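[1] Curious how this folds, go ahead:
(one chain, ligands or ions: 3)
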Amino acid sequence: MTGTPVPFTVDDYTARMRRAARAAGEAGLDGVLIAPGPDLVWLTGYRPPETERLTLLVLRPGEDPALVVPALEAPDAAKAAPMLTLRDWTDGKDPYETAADLLGRADSPVRADSPGHTAGPGRTGRTVRFGVSDNAWAMHLLGLQSRLPEAAYVSLTEALPMLRAVKDAAELERLAAAGAAADAAYEEIRKVRFAGRRETEVAADLDGLLRQSGHSQVDFTIVASGPNGANPHHEAGDRVIERGDMVVLDFGGLKHGYGSDTSRTVHVGEPDAEERRVHDIVRAAQEEGFRAVRPGAACQDVDRAARAVIDEAGYGEYFIHRTGHGIGVTTHEPPYMVEGEERPLVPGMCFSVEPGIYLPGRFGVRIEDIVTVTEDGGRRLNTTAREMAIVD
Ligand code: ZN
Ligand code: ZN
Ligand code: ZN
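    Numbering: from 1, shown residues only. Ligands and ions are numbered 1, 2, ... in the order given. Okay, the predicted model is just below:
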């Protein structure tokens, strides 16, 4: 579990880009446009500084990947992603013209017979379509749109929702290591004092423990005590934790570029009968959600399995969110374990199973593990005890 994993290679990234370009063609797209962010990191390993200058990866079926890049960033880009053809632009020039030059070739459709094309106003008599990564700035998309008004732009997540969903062995190893690191943080946080301290103080402890266990980035450290636990989005505040409080802990971040995310609900001192009962229900729901994980099951089946337990126990109206979300180079991404998501689970997918019960004004309980789909079921990447821990 310790040590730095073998870095991804140019070949790994080239294979991912080729896969993305092929998937784009199959989805009826003429190309995908990737802004800086998780998609770019996953596809190229390149993580440019977040600035207003346009950086854009262009993947087109059958063509070499190209990167529109500010001239001053070009040396770093060439070093980080030597397999990319760079199209640099200098300050004072119009970066959207550079991008449009590159994309203009899309006027000769890659596959005139691809599905999903509709006749449009383009010079070829049909509309060219590009998938755009979700976190592209509106400013850049609008700039492109004004230079290539005949093209259509669609959300990449809508067009290719499963692009990053199935993890390979090297990615799974990183996700498992991130999970183990988060588990180590949980084992330690159970030993700290809760009663008499502010949520923010325990959250700071968690942050330190996550970094100690190898996280380079901490995305969230939720410490939701007593009534705050009934708000799933509560992060951590000034409330002083008291004896008798349930405390929802939900924390995670990135280690070696891959995410962790786990929740456990602890109690300060001895819980009462109802607190035990609600915790038992959530634990049973989490177990049933986990058991529903197998290749070929629909994503929504995981949600249904967990929800059924809570419904039958009479707390259905207090389980107010979906059961899970994917995880990879980000801590929230497709696939989503939610009613209506009928796509099948595939070995290598990784996502959370995190049912909860939230009793307004009183307390909440959530239990969350990251689970990966195996050939014959599921495997938890979080393995700390799911029984309610009693803390001081
Ligand atoms: Zn209590
Ligand atoms: Zn979480
Ligand atoms: Zn989560």
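[2] how close does the single nearest residue of the stretch 101-250 of the chain relative to ligand 1 sit to Asp238?
    Distances from the stretch 101-250 of the chain to ligand 1, computed as C-beta to the ion, single out Gly244 as the nearest residue at 4.1 Å. (C-beta placed from N, C-alpha, C; glycine too.) As defined by C-beta to C-beta, to the nearest Å, Gly244 lies at a distance of 19 Å from Asp238.
[3] Those two: which has the busier surroundings?
    The residue with the greater number of neighbours, taking Gly244 and Asp238 and applying other C-beta atoms under 10 Å, is Gly244; the counts read 15 against 8.
[4] can you confirm the more buried one is in a helix?
    No: counting by DSSP: H, G, I helix; E, B strand; the rest coil, one finds Gly244 to be coil, located in no helix.
[5] Would you agree it is in contact with Phe194?
    No: contact between Gly244 and Phe194 fails when scored by C-beta atoms under 8 Å: they sit 10.9 Å apart.
[6] What is the burial count for the closest residue to ligand 3 within the stretch 151-300 of the chain?
    The minimum distance from the stretch 151-300 of the chain to ligand 3, using C-beta to the ion, falls at Asp261 (4.2 Å). In terms of burial, Asp261 registers 26 neighbours under the definition other C-beta under 10 Å.
[7] Over to Gly62?
    Tallying neighbours of Gly62 according to other C-beta under 10 Å, which is how burial is gauged here, yields 9.
[8] Which residue ranges make up the domains of this structure?
    If the domains of the chain are taken from automatic domain parsing, they occupy 10-159, 169-391, with pieces of a single domain joined by a plus sign.
[9] Go through those domains and pick out the most buried.
    Burial among the domains of the chain, expressed as mean neighbours by mean count of other C-beta atoms under 10 Å, is greatest for domain 169-391, which shows a mean of 20.
[10] anything in that one near ligand 2?
    Yes: where contact is defined by C-beta under 5 Å from the ion, part of domain 169-391 touches ligand 2, namely Asp250, Asp261, Ser263, Glu368.
[11] Okay, Asp272 and Gln300: tell me how far apart.
    Look at Asp272 and Gln300: by C-beta to C-beta, they are 35 Å apart.
[12] my read is Val247 is in a strand, agree?
    Yes: the assignment for Val247, made by three-state DSSP, places it in a strand.
[13] Local confidence estimate at it?
    Residue-level confidence at Val247 comes out at 98, pLDDT.
[14] what about it, distance to ligand 2?
    Relative to ligand 2, Val247 is positioned 14 Å away (C-beta to the ion, to the nearest Å).
[15] OK, contacts around the nearest residue to that residue once chain neighbours are set aside?
    If you skip the residues right next to it in sequence, Val247 has Ser225 as its closest partner in space, 4.6 Å away by C-beta to C-beta, 6 or more residues apart in numbering. The contact partners of Ser225, taken as C-beta atoms under 8 Å, 6 or more residues apart in numbering, are Phe194, Glu199, Arg239, Ile241, Glu242, Asp245, Met246, Val247, Val248, Val268.
[16] how about low-confidence regions in the stretch 101-250 of the chain?
    For the stretch 101-250 of the chain, applying pLDDT under 70 flags the ranges 105-125.
[17] where exactly do the strands run in it?
    Secondary structure of the stretch 101-250 of the chain (DSSP state E, counting those that start in this stretch): strands at 129-132, 152-155, 217-225, 246-255.
[18] Pipe those strands into CSV and attach distance to Arg386 per row.
    Below are those laid out as CSV (distance: least, C-beta to C-beta, whole Å):
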stretch, distance to Arg386
strand 129-132, 39
strand 152-155, 36
strand 217-225, 17
strand 246-255, 13
